[in-house]
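Student: Fold the following, please.
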Amino acid sequence: MNWTPEQIKDQSGKTFLITGANTGLGYETALELAKKSATVILAGRNEEKLSEACARISALVPSASLDTAVIDLNSIAAIQSFAETFVQSGKPLDVLINNAGVMFPPPSKTADGFEAQFGVNFIGHYVLTALLFPVLNKSAHGRVVTLSSMAHRNGKIDFSNLKLEKPFDKFREYGQSKVADLIFSFELQRKIDASGSHVISTACHPGVSKTELLRTDKPEMIETVDYMDANQGAFSTLFAATEAVEKFAYVGPDGEGEVNGYPAPSFVAPYAKDEKTGSHLWAYTEKETEIVFDF
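Tutor: Predicted structure coming up:
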């Protein structure tokens, strides 16, 4: 049978935080989890847009338990500020969904000097996960879901070009950011296993979905994408977040070329599984961000 969100079990008592939740895949993920009685924290940069997203979900799911979190993944200091307040609040967190992403922006850097795609898609989520990990570790259901992409297949980490040291290539830099996400998910699971923690780190990709991700490059192309709508594009995320998954799982659509379909195990480029690369990326990120996981 093709898996759909209708098969998600009741999520009462569980709290999910979703980055980039005011639109696209993040919004659809939040909506489906709200339907299953989860407490959902919609995270993003803009409080007004987050409030509007909550209002849309509440109109569809009057019983929805929703909250918002302003998190700017462009800035380590901003992430630290949010995380410190969240941890001190004593609120629970069961599942962190690292969904937010930028694709093909003009050449630019984050507040901390990283190329924008690498900085937001990977560095920001590394920092957020590290700072929230102690809370996840307290949950019996602790899980981290990180979104990668089919673009990871052509991605390689060029440690001499993570801060726009070389002429900008939007495709190369995007692929680098998404393979970094997948490498991170696998390396995080290795670190978790070594520490004895029970938290699960898993990854997924949405195939080709009609979202606003192309808005920074060619917005007119959004309406030319013929594959899945954003709701079905979120199926892989929802599966990875709620179903029993094996360690080092990578979930994506099961259709031809993985561009559409229903959740199933996905192809992982051998490079993304390489433990030396994972260890190198982890060490680099610890050093550059000065953020260390407390397992």
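Student: check contacts around I200.
Tutor: By Cβ atoms under 8 Å, 6 or more residues apart in numbering, the contact set of I200 is G142, R143, V144, Q189, I192, V245, K247. Glycine gets a C-beta too; all of them are placed from N, C-alpha and C.
Student: Please spell out the PyMOL selection for the buried subset of the residues you listed.
Tutor: The buried residues among these can be selected in PyMOL (16 or more other Cβ atoms under 10 Å) with this line:
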select buried, resi 142+143+144+189+192+245
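Student: Format the contacts of I200 as JSON lines; extra columns: secondary structure, distance to T202 and pLDDT.
Tutor: Output for the contacts of I200, formatted as JSON lines (DSSP: H, G, I helix; E, B strand; the rest coil; distance: Cβ to Cβ, whole Å; pLDDT from 0 to 100):
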{"residue": "G142", "secondary structure": "coil", "distance to T202": "12", "pLDDT": "97"}
{"residue": "R143", "secondary structure": "strand", "distance to T202": "7", "pLDDT": "98"}
{"residue": "V144", "secondary structure": "strand", "distance to T202": "7", "pLDDT": "98"}
{"residue": "Q189", "secondary structure": "helix", "distance to T202": "8", "pLDDT": "98"}
{"residue": "I192", "secondary structure": "helix", "distance to T202": "11", "pLDDT": "98"}
{"residue": "V245", "secondary structure": "coil", "distance to T202": "5", "pLDDT": "94"}
{"residue": "K247", "secondary structure": "coil", "distance to T202": "8", "pLDDT": "90"}
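Student: Might you report the residue contacts of F159?
Tutor: H280, Y284.
Student: so which helix or strand takes in it?
Tutor: For F159, there is no enclosing helix or strand under DSSP states H and E.
Student: ok, now the one 4 residues further on?
Tutor: Secondary-structure element containing K163, defined by DSSP H and E: none, the residue being outside all helices and strands.
Student: switch to numbering from 52
Tutor: Understood, numbering begins at 52; the last thing we discussed is K214.
Student: can you count the residues close to it?
Tutor: When neighbours are counted by other Cβ atoms under 10 Å, K214 registers 15.
Student: do A106 as well
Tutor: Neighbours of A106 (other Cβ under 10 Å): 10.
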